[in-house]
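[1] using only what follows, build the 3D model:
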Amino acid sequence: MDSKKIQQGVRLILEGLGEDLTREGLLGTPQRVARAFEEVCAGTSQDASALFEVSFEANHHEIILVNDIEFYSLCEHHLLPFFGRAHVAYIPGESGKVCGLSKLARVVNVFARRLQLQERLSNQIADALNDAVDPAGVFMMIEAEHMCMTMRGVKSPHALTTTIATRGCFTEDETQVQKVLQLIQMEKR
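    Next up, the predicted model:
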């Protein structure tokens, strides 16, 4: 990332807002914003497939679900945050091999830490898991609140957007989807 360009852009935004860049509260703002964007968008330079280099023999052929993975991202349309919870499930393929559970949370964070659309985020996570572990199926659901809907425009606080992406047996068999949705609901009780 180019920190100097980010800082220049922040200065232009502040000037465009009619702010005095020499006032005390704004003196370090361009640098702070650049550091914040570098952190929040760190996933841009990360390779999600590297997370799945190690797998484990488990001879497991049923649903594996990690739910309520908290994430934060930036809407690419308004550069405002959206945040929520991701629920990632998969059924191992014929080999019965599994990935480490933490890898499911890590892959969510790699893709969330980019300028994003929630719909794309769901698909990227599902595709990365599908490509990496060759499962029988993948189920990915995200529930998120978008600040571009809360702070501006429609001004609808707490409205949740839900997206789902399925691969393999979850696309072909609705009963598998229902099983995962039931598991997610059980955890919310």
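[2] now the strands for this protein?
    Per DSSP state E, the chain carries strands over the ranges 55-57, 64-75, 81-91, 97-99, 115-116, 137-146, 161-168.
[3] which residue is the nearest non-sequential neighbour of Leu21?
    In space, and not counting its chain neighbours, Leu21 is closest to Leu14: 5.8 Å by CB to CB, 6 or more residues apart in numbering. No exception for glycine: its C-beta is placed from N, CA and C like everyone else's.
[4] how many residues are close by that neighbour?
    Residues near Leu14, counting by other CB atoms under 10 Å, number 17.
[5] and for Gly9?
    15.
[6] likewise Pro135?
    Pro135: 25 surrounding residues under other CB under 10 Å.
[7] for Ala42, what are its contacts?
    With contact taken as CB atoms under 8 Å, 6 or more residues apart in numbering, Ala42 is in contact with Arg113.
[8] okay, and the helix or strand of this protein with the least pLDDT?
    strand 55-57 (a mean of 90; mean pLDDT, DSSP states H and E).
[9] pretty sure the residue nearest to Leu21 sits against Gly25.
    No: taking contacts as CB atoms under 8 Å, Leu14 lies outside contact range of Gly25: 10.7 Å.
[10] grab the nearest non-local neighbour of Leu80.
    Once flanking residues are discounted, Leu80 sits nearest to Met147: 4.1 Å by CB to CB, 6+ apart.
[11] which residue is nearest the middle of the chain?
    Ala112 (3.1 Å; CA atoms, centre = their mean).
[12] ok, that residue - contacts?
    Contacts of Ala112 (CB under 8 Å, 6+ apart): 43, 71-73, 86, 121.
[13] of all the residues you listed, which two lie farthest apart?
    Farthest-apart pair in those is Gly43 and Ala86; separation 13.5 Å (CB to CB).
[14] rewinding a little: what sits against the residue nearest to Leu80?
    Met147 touches 75, 78, 80-82, counting by CB under 8 Å, 6+ apart.
[15] so which of these wins on neighbours?
    Phe82 (24 neighbours).
[16] nearest spatial neighbour of that residue, chain-adjacent residues omitted?
    Excluding its sequence neighbours, the residue lying closest to Phe82 (CB to CB, 6+ apart) is His146, at 4.2 Å.
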